[in-house]
Each structure stands twice: as structure tokens, then as C-alpha cells.
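[1] Curious how this folds, go ahead:
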Amino acid sequence: MDMKSMHLLVRVGAAAAVLSLAACANPEKTPATAAVAVSHNAVDNAVSAGAPELAPQEISAARDKMMRANQALAAKDYKTARELAVQAQADAKLAQAKASSAKATAASNALNEDLRVLRQEVDRANSDQQ
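    Sure, this is the predicted structure:
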């Protein structure tokens, strides 16, 4: 076998190896465990932020999709599991954002009320001095 044929054989072998690895890395055929784990963490974070009380619909949707993603993962339907996990993560992030927003609004309202009371006290003190 001459050098040119050997070089061609090596290139064909390398191309076959790359194609084999690419086929193994097909996201539809690989377990979606990482995506499901990320969605689980996102739901946990939303719950910690108060989503069950402040964004119940969103956290319920996230939990439902996460449960369905786990079922799809168990059934080895990795594409569906991954899609549901991504949707669950998005719902959980929305729930967390709504909960954080509600808390910030409540804190702002409390601060505004404190300022209103303080202004009344200052106005009263000024009117008593006149």
C-alpha cells in the first residue's frame, strides 16, 4: 500500500469516527437528565422565593411540566423530556420573577407608607412650633 492510499484510508477512518460520535451525541437519543435536573433546581428556587403563595399558577405549571418531563425520561422519550424540562424551567423562572416582583412591590408600599407617616409627623411638629 502506497503512502497516498494510506493517507486516504486514515482520512476515511477519521471521518467515520467523527460521524459515529456525532450520531451518539444526537440530543434526541441521549438522556435528558441534565435538563430535568436544571428544571428541578429552577422549581426549587421559585418555591424558595415564595412562588407557591405569590405565583401559584406559574409554579403549578412548572411542577406539572417537571413531573411530565420525569415521566418522559423514565419512558426514554428524551426529546419530550428535554422539551418539557426547558418549559418547566421557563415557568419556574417566571414564577420566581413574579414572586420577587410582588415582594419588591410590598416592600415599596411599606416604605411609602412609612414615609407618609413620617411626613405627617414632621408637618405636625412644624405646625406646633408656629
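
[2] So which other helices or strands are in contact with whichever strand or helix holds residue 115?
    Counting by DSSP states H and E, the element that carries residue 115 is helix 78-129. When contacts are defined as 3 or more C-beta pairs under 8 Å, 6 or more residues apart in numbering; DSSP states H and E, helix 78-129 packs onto helix 33-48, helix 51-54, helix 56-74. In short, each C-beta sits where N, CA and C put it, glycine included.

[3] Can you spell out which helices and strands pack onto the last one?
    In this structure, helix 56-74 makes packing contacts with helix 33-48, helix 51-54, helix 78-129, judged by 3+ C-beta pairs under 8 Å, 6+ apart.

[4] so which of the helices and strands packed on helix 78-129 gets nearest residue 113?
    helix 51-54 (19.7 Å; C-beta to C-beta).

[5] Any buried residues in the closest one, and which?
    51, 54 (16 or more other C-beta atoms under 10 Å).

[6] got the contact list for it?
    58, 59, 92, 95, 96, 98, 99, 102, 103 (C-beta atoms under 8 Å, 6 or more residues apart in numbering).

[7] Residue 65: what's it in contact with?
    Applying C-beta under 8 Å, 6+ apart to residue 65 gives the contacts 39, 84, 85, 87, 88, 91.

[8] could you measure the fourth one against residue 109, distance?
    Which is residue 87. 33 Å (C-beta to C-beta, to the nearest Å).

[9] With residue 115 instead?
    Distance from residue 115 to residue 109, by C-beta to C-beta: 11 Å.

[10] With residue 47 instead?
    24 Å.

[11] the more surrounded of those two?
    Neighbour tally, residue 47 and residue 109, criterion other C-beta atoms under 10 Å: the higher count belongs to residue 47, 18 against 10.

[12] and the closest residue to that one other than its chain neighbours, what does it touch?
    Distances taken as C-beta to C-beta, 6 or more residues apart in numbering put residue 59 closest to residue 47, at 6.7 Å, once the chain neighbours are dropped. Contact analysis of residue 59 by C-beta under 8 Å, 6+ apart lists 43, 46, 47, 51, 52, 91, 92, 95.
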